[in-house]
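>>> need the 3D shape of this:
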Amino acid sequence: MKPEVRRPKSQIRELIETVGSAVLIAAFIMIFIARAYTVNGDSMLPTLQHGERLLVDKISYRFVEPSRGEIIVFKNPADTSEQFVKRVIGLPGDKVAIIQGVVYINDQPIEEDYTFAPARIGFSPQIVPEGTYFVLGDNRNNSEDSRFNRVGFLPRNLIVGRAVWRYWPLTQVNLIFRPEVFKTLAF
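Have a look, this model is predicted:
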């Protein structure tokens, strides 16, 4: 019996298989692991600038809950085709308030050195409902956030992921960390 002779793959078939594999891997990463996001607007000044590009981690929130101080991307509750980027301030069960420009979490004032300016629009003390989060932009006076009905308390299922890395512009490339105030205070 004669051994079967295999013909080498054509270059076109090799190219199609390579491109097809790359597309499948990229789709898998974008759907389940990470996503690119472009900052649109000035609501996160001075932390994030309009046009900056972020890598958003989509997988970690499948295993852990968001933490205070993390910057997240989420679908706008009023129009889920829009995505916003804001900072998590209040967790489910927290009492949040903004009084005379100062943010309070569980009656503790927060020293925020990452904001553009104190908020002119306050927020009367309220408990963050279960399954939701209280989010604010760092540019408090130019941010559509949880203080307003269009966003309100953010349902957990609308969170896309956590901003982990700014990769554009190249002069601003860095990892994105939670501010120290959220690591040191006991709420």
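>>> surely Gln83 meets Lys75?
Yes: using C-beta atoms under 8 Å, Gln83 makes contact with Lys75 at a distance of 5.8 Å. Heads up, the C-betas are built off the backbone N, CA and C, glycines and all.
>>> give the residues shared as contacts by those two.
Val160 (C-beta atoms under 8 Å, 6 or more residues apart in numbering).
>>> quick check, central residue of the protein?
Most central in the chain under C-alpha atoms, centre = their mean is Ile72, positioned 1.8 Å from the mean C-alpha point.
>>> and the helices in this structure, which stretches?
In the chain, the helices defined using DSSP state H lie at 11-28, 180-184.
>>> need those in CSV (columns: distance to Pro46, mean pLDDT and mean neighbour count).
As requested, the helices of the chain are arranged in CSV below (distance: least, C-beta to C-beta, whole Å; pLDDT from 0 to 100; neighbours: other C-beta atoms under 10 Å):
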stretch, distance to Pro46, mean pLDDT, mean neighbour count
helix 11-28, 33, 75, 10
helix 180-184, 16, 87, 13
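>>> among those, which is nearest Phe123?
Comparing those by their distance to Phe123 (C-beta to C-beta), the top pick is helix 180-184, with 18.1 Å.
>>> packing partners for the closest one?
Contacting helix 180-184 under the criterion 3 or more C-beta pairs under 8 Å, 6 or more residues apart in numbering; DSSP states H and E is no other helix or strand.
>>> give me the distance from that helix to the chain's centre.
18 Å (C-alpha atoms, centre = their mean, to the nearest Å).
>>> mind saving the C-alpha coords of it as CSV?
Taking Å, rounded to 0.1, in the frame of the first residue of the first chain, the C-alpha atoms of helix 180-184 are listed here in CSV:
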residue,chain,number,x,y,z
GLU,A,180,-5.2,56.8,47.9
VAL,A,181,-8.2,58.2,49.8
PHE,A,182,-10.3,55.2,48.9
LYS,A,183,-7.5,52.8,50.0
THR,A,184,-6.9,54.4,53.4
